[in-house]
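> Please work out how this folds:
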Amino acid sequence: MKSPYLLGVVLLLSACTPTAAVRSPLQTPVVAAPEQTSSPPMPEIVVAQSTSKVRQSLAQRADVQAFIREMTTRHGFNPTRLQAIFSRARIQPSIIAAMSRPAEAKPWYAYRDIFINDRRIRGGVEFWRTHAATLAKAEQVYGVPPEIVVAIIGVETQYGGNMGSYRVLEALSTLAFDYPRRANYFRKELENYLLLARAEGIDPLALRGSYAGAMGLGQFMPSSFLSYAVDFDGDGHRDLWSNPRDAIGSVANYFKKHGWRRGEPVASPASVSDARYVALVSRQLSPPRDSIARLQAQGVSPRESVSGGQSAMLLEFEGRNGLEYWLGFDNFYVITRYNHSQLYAMAVYQLSQAIGKQSATFNIGASISALAD
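As a prediction, this is how the structure comes out:
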């Protein structure tokens, strides 16, 4: 991410105040060719850096100077302008440390508790209540239910309350130039970030996001922004920081473009028996291929009514009181395109269900009817 991303890692961030996009009249809009995000970065051992290397401006580094030349040649950037931007940016060692402790390393029962709790459920209900008309419009246009969009924004940023405290430019630069394992990926994201900032008329130094460079209410990586962000309210800008309408439309568009199936289920609980089911447990992030009928023949029993011809994957999670089994359908796989983790997808699904159950207690009919006006 999102995705995407995102895109894209589940981000456990320190609390911060959301930063609105700051537009700069000095930048000329240009549209870049979008690039889809890859999987979340893998942990890397932290290597101590010299104090002088950390304190020096990025513009003093030879690798950054080479990057500036590339951006000038390839995309027509003003090298003096880029020099000024990078002279005000520094490497952030805490970002490298943060990359080595992903939330996905936790067992499911501990991971679940982070995201499925009263605070996020209540926040989701309130977010839905506030933006009911926009969410209804997004479902109409893209086919993605409101509770799924709300849950994504809830998991990613607690409904905009925690969008990240790092300068996006410094986060991406730190990982592009001092994180060798994924340097090529983050170098491309840094390129995309400068392109989107220029296209949207945003000061590259103004925006803040996660330690991985994810941005806005839905935590889009720059490549996901270029590919999937939409101007959902028609004001001429794609603002995922301070405009929930654009953020809602963009998350829904991301899901639609990644194959969301309107009206189809996401997941369903299951029971298992005999030893044959073990070989069917999905350990990979791939689309479901087994039919329900085949899974049943191998000792997997759906605990809810599902179509026998529907494709599904058998999922196994470490619960607090033992292993849990679920059937994941095509839409479950689509959620893993936002963040490449089965734990993440299940957290989004279960939070969406809890929000949907609570939201049934308030009347959104008036807001939905406004769509017809």
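> Please count neighbours and contacts with C-alpha atoms only from this point.
OK.
> my guess is residue 186 contacts residue 171, does it?
No. Residue 186 is beyond contact range of residue 171, at 9.3 Å (criterion: CA atoms under 8 Å).
> per-residue confidence at residue 277?
pLDDT for residue 277: 87.
> Sorry, wrong one. I was asking about residue 103.
Per-residue confidence at residue 103 stands at 63 (pLDDT).
> Between the two ends of stretch 205-225, how far is it?
Chord length of stretch 205-225, first to last residue, is 17 Å (CA to CA, to the nearest Å).
> Return the distance of it from the chain's centre.
On the basis of CA atoms, centre = their mean, to the nearest Å, stretch 205-225 sits 9 Å off its chain's mean C-alpha point.
> Only the buried residues of it, if you could.
205-225 (16 or more other CA atoms under 10 Å).
> cool, and stretch 67-74?
Under 16+ other CA under 10 Å, the buried positions of stretch 67-74 are 67, 68, 69, 71.
> So what touches it?
Contacts to stretch 67-74, defined as CA atoms under 8 Å, 6 or more residues apart in numbering, come from residues 77, 78, 79, 82, 83, 191.
> Export those residues as a markdown table, with columns for secondary structure.
What follows is the contacts of stretch 67-74, written out as a markdown table (DSSP: H, G, I helix; E, B strand; the rest coil):
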| residue | secondary structure |
| --- | --- |
| 77 | coil |
| 78 | coil |
| 79 | helix |
| 82 | helix |
| 83 | helix |
| 191 | helix |
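> Could you single out the nearest of these to residue 134?
Nearest to residue 134 among the contacts of stretch 67-74 is residue 191, at 31.5 Å by CA to CA.
> how about that closest one, what does it touch?
Listed by CA under 8 Å, 6+ apart, the contact set of residue 191 reads residue 71.
> What segments of the stretch 51-200 of the chain are strands?
166-167 (DSSP state E, counting those that start in this stretch).
> Poorly predicted segments of it, please.
Residues of the stretch 51-200 of the chain meeting the criterion pLDDT under 70: 51-54, 102-104.
> re earlier: so which of the buried residues of stretch 67-74 are in helices?
Of the buried residues of stretch 67-74, the ones assigned to helices by DSSP state H are 67, 68, 69, 71.
> Make a markdown table out of the residues you listed and add distance to residue 179.
Listed next are these as a markdown table, based on distance: CA to CA, whole Å:
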| residue | distance to residue 179 |
| --- | --- |
| 67 | 16 |
| 68 | 19 |
| 69 | 21 |
| 71 | 20 |
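> Out of those, which is nearest to residue 105?
residue 67 (33.7 Å).
> Now the closest residue to residue 237 other than its chain neighbours: phi and psi?
What sits nearest to residue 237 in space, not counting adjacent residues and going by CA to CA, 6 or more residues apart in numbering, is residue 231, at 5.7 Å. Torsion angles at residue 231 (phi, psi; degrees, to the nearest 10) stand at phi -90, psi 80.
> what does the model give residue 231 for pLDDT?
98.
> and if you look at residue 362?
So, for residue 362, pLDDT stands at 61.
> next one: the one 4 residues further on
Looking at residue 366, its pLDDT stands at 39.
> Over to residue 283?
87.
> Just say helix, strand or coil for the residue nearest to it when sequence neighbours are not counted.
In space, residue 283 comes closest to residue 315 once its chain neighbours are excluded; the distance is 7.9 Å by CA to CA, 6+ apart. Secondary structure, three-state DSSP: residue 315 is strand.
> Hmm, residue 315 is touching residue 332, no?
No. Using CA under 8 Å, residue 315 makes no contact with residue 332, being 10.5 Å away.
> The closest residue to residue 328 other than its chain neighbours: how many residues sit nearby?
Excluding the flanking residues, the one nearest residue 328 by CA to CA, 6+ apart is residue 267, at 4.5 Å. Using other CA atoms under 10 Å, residue 267 has 22 other residues around it.
> Tell me the backbone dihedrals of residue 267, please.
Per-residue torsions, residue 267: phi -150, psi 160 (degrees, to the nearest 10).
> got the contact list for it?
Per CA under 8 Å, 6+ apart, neighbours of residue 267: 326, 327, 328, 329, 332, 349.
> Next: residue 230.
238, 246, 247, 249, 250, 253.
> again with residue 229
Contacts of residue 229 (CA under 8 Å, 6+ apart): 238, 240, 246, 247, 249, 250, 251, 253, 254.
> could you redo the last one with a cut-off of 7 Å?
Listed by CA atoms under 7 Å, 6 or more residues apart in numbering, the contact set of residue 229 reads 238, 250.
> right, and residue 89 touches residue 58 too?
Yes. Residue 89 is within contact range of residue 58, at 5.8 Å (criterion: CA atoms under 7 Å).
> Next one: residue 78 from residue 69, what distance?
Distance from residue 78 to residue 69, by CA to CA: 10 Å.
> Overlap of the contact sets of those two?
By CA under 7 Å, 6+ apart, no residue touches both residue 78 and residue 69.
> State whether residue 326 is indeed within a strand.
Yes. Per three-state DSSP, residue 326 lies within a strand segment.
> Skipping its backbone neighbours, what lies nearest it in space?
Per CA to CA, 6+ apart, closest to residue 326 is residue 269, 4.3 Å.
> who touches the one you found in this structure?
302, 303, 325, 326, 327.
> any idea which of those is closest to residue 360?
Nearest to residue 360 among these, with distances taken as CA to CA, is residue 303, at 23.6 Å.
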